[in-house]
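S.K.: Sharing a sequence plus its predicted fold:
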Protein chains: 2
Amino acid sequence: MNMNNDISKENILAIKDAIELLGGKWKFCILYNLQKYHTMRFKDLQEMSVGITPKVLSKQLQELEDNLLITRTVNATKPVTVSYEPTKYAEEVIPVIDALLSFGSKHRKKIKEKYS
Amino acid sequence: MNMNNDISKENILAIKDAIELLGGKWKFCILYNLQKYHTMRFKDLQEMSVGITPKVLSKQLQELEDNLLITRTVNATKPVTVSYEPTKYAEEVIPVIDALLSFGSKHRKKIKEKYS
DNA sequence: ATAGTCACTTTCTTAAAGGTAATCGATAGT
DNA sequence: ACTATCGATTACCTTTAAGAAAGTGACTAT
C-alpha cells in the first residue's frame, strides 16, 4: 500500500486544513446562518446559535474574519451594533455546507433506523 | 431576525450531527484513504495517517464502525490482520470529502496570497 | 529461548476547546 | 441616579481530544 505520490499527500493536507478551519462546534452553524440571511448582528447570531456564549461567538467570528470568510462592520446605531456578512470568497464553502447538511439529514434517519 | 421555522432548526441540527460524527483530526483522512484504496489493514491506515497513534486510530475506527460507515474484518493470516472497508452507506460522505478537499485546496492558495 | 509482527489496550499527561459568570464602555431612556 | 442594550473581554474552571510510552496476547521465525 503505497502513498508515495504527492497528490495524495497534498489532498490529505487540504482536507486537514479545511477541517481545522471549519471544524469545531459552531463555525458551520455561523456560516450557514450568514449564507441564509446574509447580514447578521452579533445579537442575532447569538440567538440563532442556541447555547453559544458571547465569548465563544466572539472567538469564532474573529477566526472566520482572519480567514477572510466574513467581514465585520461597526454600525453608527444608538447602542453600537456590529454586522457580520460573508465575503464573496465564503461562497467557496457553500458546497461544503450543503454536502454536510445533506449527509447529516440522511444520517439522522439512518441512526434512527438502527435503534428501532 | 426570526428562526421560527422548523426547517432551519432541523438543518442546524443536521449540520451539527454531521460535524460531530466526522469532525476531529483524523476521520476524514481515514475515510478518504478507505474510499481511495477500498480495503486497508490497521497497519496501512496507521502509515497513511502520518502521526496517528494506535490508540487514537483504534478509537476513530470504532466510532466509524458504530456509525455504519466502515466494516471490520479479522483475517486468518499468520500474524492476525484486520481489514477495514467503507460500507455502501459511506458513499454518502463522498460529496462531503470532495467539497472539503476542493475548499481546502483553494484555501491553501488563498492564505498563501494573504502572506506574500 | 528470544525476538519480531500485528492489532490493539492501558495508563498517564498535556493542550485545546468550550462553558460560567462577572464586568466594561459607550450610549440612551426614565 | 438608575437601569438597560450591545458587543464584547476577562478570569476562572471543566471537559474533551489527542499524544507518548509501554504492555498484552496470539502467533511465527530463527
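M.R.: Yep, that arrived.
S.K.: Excluding residues flanking it in the chain, which one is nearest the residue minimising distance to the centre of chain A?
M.R.: Within chain A, one residue has its C-alpha closest to the average C-alpha position: by Cα atoms, centre = their mean, that is A:F28, at 2.5 Å. Leaving aside its chain neighbours, A:F28 sits nearest to B:I15 (5.0 Å; criterion: Cβ to Cβ, 6 or more residues apart in numbering or on different chains). For the C-beta atoms, the positions are set from N, CA and C on the backbone; glycine is no exception.
S.K.: try A:I19
M.R.: If you skip the residues right next to it in sequence, A:I19 has B:F28 as its closest partner in space, 5.8 Å away by Cβ to Cβ, 6+ apart.
S.K.: any idea how far the helix or strand containing the residue nearest to the centre of chain A is from the chain center?
M.R.: Using DSSP states H and E, A:F28 falls within helix A:27-37. Its chain's average C-alpha position is 6 Å from that of helix A:27-37, according to Cα atoms, centre = their mean, to the nearest Å.
S.K.: Can you tell me the SS state at A:P79?
M.R.: When the structure is reduced to helix, strand and coil (DSSP: H, G, I helix; E, B strand; the rest coil), A:P79 reads as coil.
S.K.: number of nearby residues for it?
M.R.: A:P79 has 6 neighbours, counted by other Cβ atoms under 10 Å in any protein chain shown.
S.K.: quick one: is stretch A:48-62 near DNA strand C?
M.R.: Yes - under the criterion of Cβ under 7 Å from any atom of the strand, DNA strand C is reached by stretch A:48-62 at A:51-56, A:60.
S.K.: And that stretch, what's buried?
M.R.: Of the residues in stretch A:48-62, those with enough neighbours to count as buried (16 or more other Cβ atoms under 10 Å in any protein chain shown) are A:48-49, A:52, A:57, A:60-61.
S.K.: Please narrow the residues you listed to those residing in strands.
M.R.: Per DSSP state E, strands hold no members of the buried residues of stretch A:48-62.
S.K.: Now tabulate those in JSON lines and tack on pLDDT.
M.R.: Formatted as JSON lines, the entries for the buried residues of stretch A:48-62 read as follows, by pLDDT from 0 to 100:
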{"residue": "A:M48", "pLDDT": "94"}
{"residue": "A:S49", "pLDDT": "94"}
{"residue": "A:I52", "pLDDT": "96"}
{"residue": "A:L57", "pLDDT": "98"}
{"residue": "A:Q60", "pLDDT": "98"}
{"residue": "A:L61", "pLDDT": "98"}
